[in-house]
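J.: Fold the following and give me the result.
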Amino acid sequence: MKKLARLLGVQEIKNKTLQDSLKRMEERASDLDAENRMLRQAVASTPAIMSPASENHKAHESQATPENGKTTNGAMKPMIVDRDDDIHDNNAELPTSNDAEAEKQQQELLIKCISEDLGFSTGRPIAAYLIYRCLVHWKSFEEDRTTVFDRIIQKISAAIEARDSNETLAYWLSNSCTLLLLLQRTLKNNGSAALARQRRRTSSLKSPKVEAKYPALAFKQQLTALLEKVYGVIRQNLKKELSPLLGLCIQAPRTFVVSPRGSGSQGSDIAQQASMAHWQSIIKILTNSLNVLKSNYVPPFLICKLFTQVFSFINVQLFNSLLLRRECCSFSNGEYVKAGLDELEHWCHWLTEEYAGSSWDELKNIRQAVTLLILEEKHSKSIKEITDDFCPALSMQQLYRISTMYCDDKYGTLGIPSEVVSSMRAKMIGGSSSPSVQDDINSFLLDDDFSIPFSVDDISRLMVHVDTADMDLPPLIQEKNGSPFEL
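T.: Here you go, the predicted model:
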C-alpha cells in the first residue's frame, strides 16, 4: 500500500506539472494571438507609400488642382501620412531636417555603443538597459514607422554569427533576455487575460504601460526569436562538445579495475582514477560552461533550463548506446558507468538546486539501467520487483532488451530468470497497440529534446525587475553632454 501511495503521489505531482505547463501554453497562445491580431490590423491600416520613382513617373501625366484635390485626369491626389496623425494638411507643423538629422546621429551613437562589449553594472547588462532607455526616450514604441528596431536586431544578429564564441553568445543571451523582460513589462497587450496578468505583475512598478504600435510589437517578436536562437546555439555547442566523450564513457576501458568485494588495493584505485579521465573531462566542460554563463549574468532560471536539457541529452546518448551495444550490457561495464554517474551526481550537488534543478532526475533511464546491470542475485528477482523497485522508469521493451543482452563478465553469476524474461516478452507483445509487433519491440530508444523550455511569460515570472535609472552608462555616451541618453 505504501508503494502504491508513493506512486500515486508521484503521478499526482506529474499531473499538476503538466496542468501548469498546459495553462502557461494557453496563456502564451492567447498573448501571441492578441499580438498577431494587432500586427495584422496595423499592416492592414498602413497606407501605401508611393516611392519617389513612382511619383516622378506620374508627375508629367497629371497635375493636381487645389480646388478639388484631384488631378486633371480625374485621379485622386496622393495624401501625405504623418506618424502621429492619420492625415495632415500643408499647414501642419512638419519635423525639420535638423530634428531628423539629430535623431539619426543619436541612433548611430546607440548602434556604435552596442557594437562593443559594454559589460555589466551591478550584475545587469548595460547594453539591454541602454537600448531600452533610448527607445523610451525617443518614444519609439509609439511610432508607426521607425528603422531603429530593425537596426538593433541586425546588429545583435551580426554579433552572434560567430557561433563558436560562447562568451559572445552568453553575453547576448543575458542582454536579449533582460531587454525582452523590459519590453514585456512596458508594452501593453490587448488580450484581456494578458492585461490581467500584466496588471498583477506591474502593480508595484512606477513606469507606465505604453500602447505599442506595429514596429514595437514586431521588434518584441523578433527579439523573442533571437533569444530562442541564441539559447539553442549555446545548447547545441555544449552537446557537440560532450558527444565524443559520451561515446567513450559508455564502455569501460581495460584500465578500469574495481577491487573485489570486501578487499581494497591502492594500485587498482590509481588505475580506476586514470580510467575516469573521460568523465572528468565532461565535468570540466560543464563547469566551464557554467562559469561563462554566470560571468555574463545569464539569469539562473535559464542556466537551470540549459543544464536540465543537457543532462537529458547525456541520458539519451548513454542509454541508447547501452541498448544498442551488447558488449556494454555487462556487470563490469555497469560498474564503470555507475562510477561516472556518481561524479555527475556530486557535480549536481555542488551546483546547488538553483542552477541544477532537476538535472540529476533527467538521468533516471541510464541510472536505472545501470542498477539492473549491477544488481546482485538477479536470478531471484521477480518481474514485479524489477519494474516497481529497481526500474520503474523503464518500459517493458527496454527491460527485455537489457535482460536478453546481459552477461556477468566478472563473477559469472546468473542473469534474469528465463521465466521472467518470457513474462516480459508476453507483457510487451500483449500491451502492443502497433500493427507490427516487431516495430513495437524495437521501440526502446529515447528521443532527444530540441524544444525551447521557456516562454516570455516565464521570463516575466521568474526574473526580478530592477530599476533602469541607476545604470552606469558607457563612456562614449557620458562624453556627449546634453545627450538624450542622459535620461
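J.: Name all residues that make contact with L118.
T.: P125, I126, A127, L130, P474 (CB atoms under 8 Å, 6 or more residues apart in numbering). Any C-beta I mention is one placed from the backbone N, CA and C, and that applies to glycine too.
J.: ranking these by neighbours, who comes first?
T.: Ranked by the number of neighbours (other CB atoms under 10 Å), the contacts of L118 place A127 first, at 28 neighbours.
J.: on contacts alone, who are the packing partners of the helix or strand encompassing it?
T.: Using DSSP states H and E, A127 sits in helix 126-137. The contact analysis (3 or more CB pairs under 8 Å, 6 or more residues apart in numbering; DSSP states H and E) places helix 126-137 against helix 97-114, helix 166-184.
J.: same thing but at 6 Å, please
T.: If you count contacts as 3 or more CB pairs under 6 Å, 6 or more residues apart in numbering; DSSP states H and E, helix 126-137 packs onto helix 166-184.
J.: Okay, buried residues for the helix it packs on please.
T.: Buried positions in helix 166-184, judged by neighbour count with 16 or more other CB atoms under 10 Å: 166, 168-184.
J.: Run through the neighbouring helices and strands of that helix.
T.: strand 124-125, helix 126-137, helix 214-249, helix 277-295, helix 456-462.
J.: what bits of this structure have low per-residue confidence?
T.: 1-99, 163, 189-208, 255-274, 431-442, 465-487 (pLDDT under 70).
J.: ok, 80 please
T.: Applying pLDDT under 80 to the chain flags residues 1-100, 102-103, 162-164, 189-208, 254-275, 430-443, 464-487.
J.: all strands for it, in order.
T.: With DSSP state E as the definition, the chain shows strands at residue ranges 120-121, 124-125.
J.: for those, which one ends up most surrounded?
T.: Among these, strand 124-125 has the highest mean neighbour count (mean count of other CB atoms under 10 Å), at a mean of 22.
J.: Listing partners with orientation, what would you give for it?
T.: strand 120-121 (antiparallel) (DSSP bridges).
J.: Starting from L341, give me the distance back to N365.
T.: Distance from N365 to L341, counting by CB to CB, to the nearest Å: 11 Å.
J.: Please apply the same query to E143.
T.: As judged by CB to CB, E143 and L341 stand 55 Å apart.
J.: cool, and T352?
T.: 19 Å.
J.: more crowded one of those two?
T.: Neighbour count, other CB under 10 Å: between T352 and L341, L341 has more, with 20 against 10.
J.: Which residue, other than its chain neighbours, is closest to the more buried one?
T.: R367 (6.0 Å; CB to CB, 6 or more residues apart in numbering).
J.: what's the burial count for that neighbour?
T.: 21.
J.: now S423
T.: For S423, using other CB under 10 Å, the count is 16.
J.: can you check I152 too?
T.: Around I152 there are 23 residues (other CB under 10 Å).
J.: Contact partners for it?
T.: Residues counted as contacts of I152 (CB atoms under 6 Å, 6 or more residues apart in numbering): none.
J.: how far away is T404 from G123?
T.: Taking CB to CB, one finds T404 at 54 Å from G123.
J.: the more surrounded of those two?
T.: Each of T404 and G123 has its neighbours counted (other CB under 10 Å); T404 has more, 14 against 8.
J.: Please name the nearest non-neighbouring residue to the more buried one.
T.: The nearest residue in space to T404 (CB to CB, 6+ apart) is V421, at 6.4 Å.
J.: Next: Q107.
T.: Q107 sits nearest to V148 (CB to CB, 6+ apart), 5.4 Å away.
J.: Against R133, how distant is the closest residue in space to I114 that isn't next to it in sequence?
T.: Nearest residue to I114, sequence neighbours excluded (CB to CB, 6+ apart): A127, at 4.9 Å. Computed as CB to CB, the A127 to R133 distance reads 11 Å.
J.: before we move on, what about G119?
T.: Applying CB to CB to G119 and R133 gives a distance of 16 Å.
J.: Ok, G247 next?
T.: 49 Å.
J.: How about S422?
T.: For S422 relative to R133 (CB to CB), the value is 71 Å.
J.: And for T147?
T.: 19 Å.
J.: more neighbours, these two?
T.: R133 (21 against 13).
J.: Now do that one against D408, distance only.
T.: Distance from R133 to D408, by CB to CB: 67 Å.
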